[in-house]
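> got a structure for you, letters missing:
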């Protein structure tokens, strides 16, 4: 037997049905006290997931969960007519099951597992969804996609729905905290790899799993991580939160029927955290469960582009509104910015909407002219608008290392000689300066306009704000579909 | 902005829609000549997958592919009535689509994506499927499960089916070679993580993807690896090849509609190989494509237990058959074995069938009494058989470091004083001493008996042997379902 075959003969044994025995050998070493024994991490989390009560949620948590839900629903409706969504539906609908759940912003109805996938994809297409800045997880996609579809399949009160949303977000963000940044740095798209746990937790809770079943659901989720960062820039990036939602729901559905899995999927020697990350902080998962809430750190993007341009857009919109500015009044716009702004978004003469997302000059100009920087301000036609293009040429930048990433210092010089100054200390949309409810509604309305009629847009937003009082959460899904 | 927020603000940027710009920054460093530049690995593989011709397959490759198919079908039929399969069907059938494809050994018909999952699970339940010893990949599960279901959905000739089976096995085993053993050692269940590529390649080829689409299919597959070794010992282990098959098929279906992904999913800086393995040998993927065939190294288990006991079982069966032995003639059985045999399978008095898989004493005794060691020789009732139990007590072992893992030296002393000796140099089922076609048929028959009637068993085996002459490969799927 050659050397390579010797090794693999034993390997085949390890992979064979004699796993108990192989584990026995390995456990002989592992049985010695391990100074870094993480304890029963999966068990502690599973107990929290199956037992956390809706009535114990602080008001601030309930409120942030509603903001999370509203922002997610707007993004999903906004992405619903995008080519990415259309392709996914046309590719998979021939194999889909009964019409159990709707697609936000569309008329199709699919089985819940496919609906979950499509809504998760749709909500991430514009990269405009929520961000848990500590981990860069987009928390809503995997969780809300899963439980909204489930709410059309079985009766769920809005109160239980909101509780499950919080539980799911806590689960994924805490697991993300435990492995960030090492896990992200190596190349995993953490929204998909941690998100699968959020979907399993939220769905499993609503399916009524017991603690053992919840351990298994987390195990079946752990074995299906989704998302390499290499996919950024392609449609597959949006696939990640959708597939994470679908995988997590699948895990919970299997566990509900006692499909067995590991009891210690998170912390085991060959479990999720050890295999997918070079460092682990298990206390982040189990510490202060039910009293510390990661969802309170969730943030929402006010502008449909990378955050590095947000301070300049924020300041320009403020100056425009405070001074009722029009482009024709303006001689020069001078931006003192963090060095990364020019490194990443220094494109001088963008030709397409996508190009515009990489031009600080265009972004400042469109913010002044349109007073906004949503998805439609980064359209091809808007980039070709002569007034905005002309104003872009009068925008200049000064790199200033004393300016932080969430700051900008702006001076606008008018033709009449007046100088207008604005210093943005914390950009809108940051934890320190969150978007207002009204701003979230404006964003939602902008995303949904042209897809749903105004009265329906208003109704969906009202249902998000009052979700915990809805007798049946499924009403939200029906209200958010195109008629 | 706190330190943690500073870092994550930039992280959020990297994760944002401004990916092009971020890549730009990183690429500034990457643009310098890289001494370890792997070249266009994904492209070379994609070109092979879309262009390899059935008529170029050597006869030995066609033959081994048929043996692979037959062994897989027997395992899938054998596992079809197991609790694991039943739970998966009952959990997921409520969400399944049209009755497009059958389940081997069962009467249910599901949409192709669900059929693929179930057949992949079923084929791995007994851990009795094929093994590519160089990587410990079980190659057939992800690939054959996918394309057999597809053959019921669209017309595929048996010739194209066999070609796709070879292409799929080459794809997954070559990718496995590139990262084994580092990838396996860290904790990935390589059958699922590499298998997803095999399923995507085989399905994508049969769907007629062009080279660009095949790159994307490999990308969508890469972002969905399945399987942590932590799941060994639970139902979730069998889930891995099934889900890999389903994920790979999903990838191909999406790519066929031009759902975009990375063009360099395998070798990119944050692609599959870099993220999921600490070492990479890309030549294993691209070297001698179309002339070196990994499927020629595929092996099949003759006995339904860990390979460490196989030499002793092999030798005992040979001595029994050569001497027409019965237990009552035997005074003593003496086994000189590799040290691992006792470490892993030293259980003295097994009480259950599963226990029996960890007892070299029981295994030798049942091999002499039954002349076989299939799944039914490891049943609870067989372990409790008094004649076999009594013979087990007359089996002794001597650890001998000069005996290799695939060897055994046996002496049987009869009551009449005769001594029967047998040295097994290469155990049956190894690359050096493969199972005969007749032995594969006997294994198939044993697995399928009680599930399908004898005439149907014979028909399915004949279709496997003649698959490349079948006008429609889907006939095999129909023949292998329960009526």
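That came through fine. Given the structure is predicted, the values throughout are model-derived calculations rather than measurements.
> On the three-state scheme, the nearest residue to residue A:408 once chain neighbours are set aside is what?
Using CB to CB, 6 or more residues apart in numbering or on different chains and skipping the chain neighbours, the partner closest in space to residue A:408 is residue A:311 (3.7 Å). From N, CA and C alone the C-beta is placed, and that goes for glycine too. When classified by DSSP: H, G, I helix; E, B strand; the rest coil, residue A:311 comes out as helix.
> Show the pLDDT at residue A:311.
Note on residue A:311: pLDDT of 97.
> isn't it right next to residue A:427, touching?
Yes. Here residue A:311 reaches residue A:427: they are 4.4 Å apart, a contact under CB atoms under 8 Å.
> what about the closest residue to chain B within the stretch 301-450 of chain A, how many neighbours?
Of all residues in the stretch 301-450 of chain A, residue A:306 sits closest to chain B, at 2.9 Å by CB to the nearest CB. As a burial measure, residue A:306 scores 27 neighbours (other CB atoms under 10 Å in any protein chain shown).
> Roughly how far does it sit from residue B:322?
75 Å (CB to CB, to the nearest Å).
> Show me where chain A has its strands.
A:101-102, A:109-110, A:131-132, A:298-299, A:330-337, A:395-399, A:408-414, A:419-424 (DSSP state E).
> Which of those sits closest to residue B:277?
When those are ranked by proximity to residue B:277, the top entry is strand A:131-132, at 28.7 Å, counting by CB to CB.
> Check which helices and strands the closest one sits against.
Using 3 or more CB pairs under 8 Å, 6 or more residues apart in numbering or on different chains; DSSP states H and E, the elements in contact with strand A:131-132 are helix A:158-179, strand A:298-299.
> Check the strands of chain A for me and report the most buried one.
strand A:131-132 (a mean of 27; mean count of other CB atoms under 10 Å in any protein chain shown).
> was I right about the residue of the stretch 301-450 of chain A closest to chain B contacting residue A:357?
Yes. Counting by CB under 8 Å, residue A:306 does reach residue A:357; the two are 6.7 Å apart.
> Residue A:253 and chain B, how far apart?
Distance, residue A:253 to chain B, using CB to the nearest CB, to the nearest Å: 5 Å.
> Quick one: residues contacting the residue nearest to that residue when sequence neighbours are not counted.
Computed as CB to CB, 6+ apart, the closest residue to residue A:253 that is not its neighbour in sequence is residue B:91, at 4.9 Å. Counting by CB atoms under 8 Å, 6 or more residues apart in numbering or on different chains, residue B:91 touches A:253, A:254, A:256, A:257, A:259.
> Could you find the closest non-adjacent residue to the third one?
By the measure of CB to CB, 6+ apart, the closest residue to residue A:256 outside its immediate chain neighbours is residue A:207, 4.9 Å from it.
> same question, residue A:46
Residue A:46 sits nearest to residue A:214 (CB to CB, 6+ apart), 4.0 Å away.
> Burial check on the one you found, number of neighbours?
Counted with other CB under 10 Å, residue A:214 comes out at 27.
> still on that earlier bit, so if I had to pick from residue A:311 and residue A:427, which one is more boxed in?
residue A:311 (29 against 26).
> how much space between that one and residue A:455?
36 Å.
> what do you get for residue A:436?
23 Å.
> Name the residue in those two with the higher neighbour count.
Taking other CB under 10 Å, residue A:436 and residue A:455 do not tie; residue A:436 has more neighbours (12 against 8).
> Mind pulling the model confidence for the more buried one?
At residue A:436, pLDDT is 97.
> How about the residues of the stretch 351-483 of chain A by chain B?
The stretch 351-483 of chain A comes close to chain B at residues A:354, A:357, A:358, A:404, A:405, A:406, A:426, A:430, A:431, A:432, as judged by CB under 8 Å from any CB of the partner chain.
> Buried ones among those?
Among these, those classed as buried by 16 or more other CB atoms under 10 Å in any protein chain shown are A:354, A:357, A:358, A:404, A:405, A:406, A:426, A:430, A:431.
> thinking again about what came up before, between residue A:311 and residue A:427, which contacts overlap?
A:406, A:407, A:408.
> least trustworthy position among these, going by pLDDT?
At the low end of pLDDT for those is residue A:406, which has 91.
> For it, which non-adjacent residue is spatially closest?
Using CB to CB, 6+ apart and skipping the chain neighbours, the partner closest in space to residue A:406 is residue A:427 (4.5 Å).
> How many neighbouring residues does residue A:108 have?
Residue A:108 has 17 nearby residues by other CB under 10 Å.
> Quickly check: stretch A:228-246 near chain B or not.
Yes. Using CB under 8 Å from any CB, stretch A:228-246 reaches chain B at A:228-237, A:239-240, A:243.
> any idea which of these is least confident?
residue A:233 (86).
> can you count the residues close to that one?
So residue A:233, with other CB under 10 Å, has 17 neighbours.
> try the one 10 residues further on
Counted with other CB under 10 Å, the neighbours of residue A:243 add up to 29.
> In contact with the closest residue to it other than its chain neighbours, which residues?
What sits nearest to residue A:243 in space, not counting adjacent residues and going by CB to CB, 6+ apart, is residue A:226, at 4.6 Å. Listed by CB under 8 Å, 6+ apart, the contact set of residue A:226 reads A:189, A:192, A:193, A:195, A:196, A:239, A:240, A:243, A:244, A:247, B:223, B:224.
> what about the residue nearest to the fourth one when sequence neighbours are not counted, distance to chain B?
Closest residue in space to residue A:195, ignoring its immediate chain neighbours: residue A:142 at 3.1 Å, by CB to CB, 6+ apart. Applying CB to the nearest CB, one obtains 14 Å for the distance of residue A:142 from chain B.
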